[in-house]
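Trainee: got a sequence here, can you model it:
(chains A and B)
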There are 2 protein chains.
Amino acid sequence: MKTLFHYNWMVRDEWYQWCEELTEEELLQKRTGGVGGILHTLFHIIDVEWSWIRILQGKPDFQEKFEEYSTLAKVRELDTQFHQEVEEFIRNWDDSMETNVLQETNADWTGETLTWGEVMCHTLAHEIHHIGQLSVWARELGKKPITANLIGRNLLVRQNNRIIG
Amino acid sequence: MKTLFHYNWMVRDEWYQWCEELTEEELLQKRTGGVGGILHTLFHIIDVEWSWIRILQGKPDFQEKFEEYSTLAKVRELDTQFHQEVEEFIRNWDDSMETNVLQETNADWTGETLTWGEVMCHTLAHEIHHIGQLSVWARELGKKPITANLIGRNLLVRQNNRIIG
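Mentor: Here you go, the predicted model:
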């Protein structure tokens, strides 16, 4: 579980660097599929990750709109702000928490009893799925996407050394 | 870990059903990004999943070419064939196996010591990433993609009841 969060953070950071070579127009350009744009996708990923971690902790959710964060710098800043809390939650995660039942279900998902484990898996899959969409848009722009390989990143070594923040 | 495999199998099965409404031309059409086509992506996913499970078990890898499986029926048949072994491996998985070290590394990944946990995470992320690509191509075809939501699938109930094969 933790490995996949560290993988997501590492890949996301590489996409931010990749985005530095794009114009603002390319970052904001309306595209087919997903939430419809490169920067909006990154905003959506950090919004959803943070929101679920907040919900698990019984804290208020995030309600800001993308329009207020429509530059790469603003999205990265928001990510840095959210990441502290997310990273602490993941650091303190142990697998016994997987079977915890989510008491207050987000309005979108009423009717289903959710475990914390499901919410964590949902959050992980959510990011990887949207990054897959970025990879297609990258090729459509004639650019090489960030590799999705988890292997080849020395992830366990980095994770243990806390190189990944 | 197991939850995400069950999620992948469920989502993949829904994509097969989604593919039934496409023509052979649409399934084989060359597209931008990933491995370059819808059916080829599904073939690639099952190839990679099965290959890594084989490698973990020290068994020979899969070396067939997509051209030999270029119909939806053939891909599904191959999946059914591979799934028996994959499903058994996942069913017998316990988290203590995560730290097992992969002894014979696949030629592509020489130089890095890999744990079984990393290989499993790699396999999971690999499928979700490629499914994200399918979702963009679906929209480009004017069709609604299969939802990537893990929540809303009653996955734990199904998993425990072994509804998912």
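Trainee: how many residues are close by the nearest residue to residue A:26 once chain neighbours are set aside?
Mentor: Leaving aside its sequence neighbours, residue A:26 sits nearest to residue A:141 (Cβ to Cβ, 6 or more residues apart in numbering or on different chains; 6.6 Å). Placement of C-beta: from N, CA and C, glycine included. By other Cβ atoms under 10 Å in any protein chain shown, the residues close to residue A:141 number 16.
Trainee: swap in residue A:32?
Mentor: Number of residues near residue A:32 (other Cβ under 10 Å) recorded here: 16.
Trainee: residues contacting it?
Mentor: Applying Cβ atoms under 8 Å, 6 or more residues apart in numbering or on different chains to residue A:32 gives the contacts B:136, B:139-140.
Trainee: and the residue nearest to residue A:57 when sequence neighbours are not counted, what helix or strand is that in?
Mentor: The shortest distance from residue A:57 to any non-neighbouring residue, by Cβ to Cβ, 6+ apart, is to residue A:89 (7.1 Å). Using DSSP states H and E, residue A:89 maps to helix A:72-91.
Trainee: buried residues in that helix, which are they?
Mentor: Residues A:72, A:75-76, A:78-79, A:82-83, A:86-87, A:89-90 are the ones in helix A:72-91 that count as buried (16 or more other Cβ atoms under 10 Å in any protein chain shown).
Trainee: mind listing residues that contact it?
Mentor: Applying Cβ under 8 Å, 6+ apart, the contact partners of helix A:72-91 are A:2, A:5, A:9, A:12, A:16, A:19-20, A:27, A:39, A:42-43, A:46, A:49-50, A:53-54, A:56-57, A:62, A:68-69, A:165.
Trainee: of the residues you listed, buried ones?
Mentor: The buried subset of those - by 16+ other Cβ under 10 Å - is A:2, A:5, A:9, A:12, A:16, A:19, A:27, A:39, A:42-43, A:46, A:49-50, A:53-54, A:56, A:69.
Trainee: which ones among the contacts of helix A:72-91 lie within helices?
Mentor: Within the contacts of helix A:72-91, residues falling in helices by DSSP state H are A:2, A:5, A:9, A:12, A:16, A:19, A:27, A:39, A:42-43, A:46, A:49-50, A:53-54, A:56.
Trainee: can you count the residues close to residue A:117?
Mentor: 18.
Trainee: that one and residue A:124, how far apart?
Mentor: In this structure, residue A:117 and residue A:124 are 11 Å apart, going by Cβ to Cβ, to the nearest Å.
Trainee: residues near the nearest residue to residue A:40 once chain neighbours are set aside, how many?
Mentor: Nearest in space to residue A:40, with sequence neighbours left out and distances taken as Cβ to Cβ, 6+ apart, is residue A:66 at 5.2 Å. By the criterion of other Cβ under 10 Å, residue A:66 has 19 neighbours.
Trainee: residues touching residue A:66, list them.
Mentor: Each residue near residue A:66 by Cβ under 8 Å, 6+ apart is listed here: A:39-40, A:43-44.
Trainee: so which helix or strand takes in the residue of chain A at minimum distance from chain B?
Mentor: Chain B sits closest to residue A:132 of chain A, with a gap of 2.1 Å, by Cβ to the nearest Cβ. Using DSSP H and E, residue A:132 maps to helix A:116-140.
Trainee: for that helix, buried residues please.
Mentor: Under the neighbour-count criterion of 16+ other Cβ under 10 Å, helix A:116-140 has A:116-139 buried.
Trainee: which neighbouring elements make contact with that helix?
Mentor: helix A:2-19, helix A:38-56, helix B:2-19, helix B:116-140, helix B:155-161 (3 or more Cβ pairs under 8 Å, 6 or more residues apart in numbering or on different chains; DSSP states H and E).
Trainee: and the average pLDDT for it is what?
Mentor: The pLDDT scores in helix A:116-140 average 97.
Trainee: low-scoring stretches of chain A, by residue?
Mentor: The model of chain A has pLDDT under 70 over residues A:104-111, A:158, A:160-165.
Trainee: in contact with the residue nearest in space to the middle of chain A, which residues?
Mentor: Geometric centre of chain A, nearest residue: residue A:45, 3.8 Å, by Cα atoms, centre = their mean. Shown in contact with residue A:45 (Cβ under 8 Å, 6+ apart): A:12, A:126-127, A:130-131.
Trainee: repeat that for 7 Å
Mentor: A:12, A:127, A:130 (Cβ atoms under 7 Å, 6 or more residues apart in numbering or on different chains).
Trainee: now do residue A:37
Mentor: For residue A:37, the contact set (Cβ under 7 Å, 6+ apart) comprises A:28-31.
Trainee: that older thread, adding distance to residue A:102, write the buried residues of helix A:72-91 out as CSV.
Mentor: Conversion of the buried residues of helix A:72-91 to CSV gives the following (distance: Cβ to Cβ, whole Å):
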residue, distance to residue A:102
A:72, 33
A:75, 28
A:76, 30
A:78, 25
A:79, 24
A:82, 20
A:83, 22
A:86, 17
A:87, 21
A:89, 14
A:90, 17
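Trainee: nice, that's everything, thank you.
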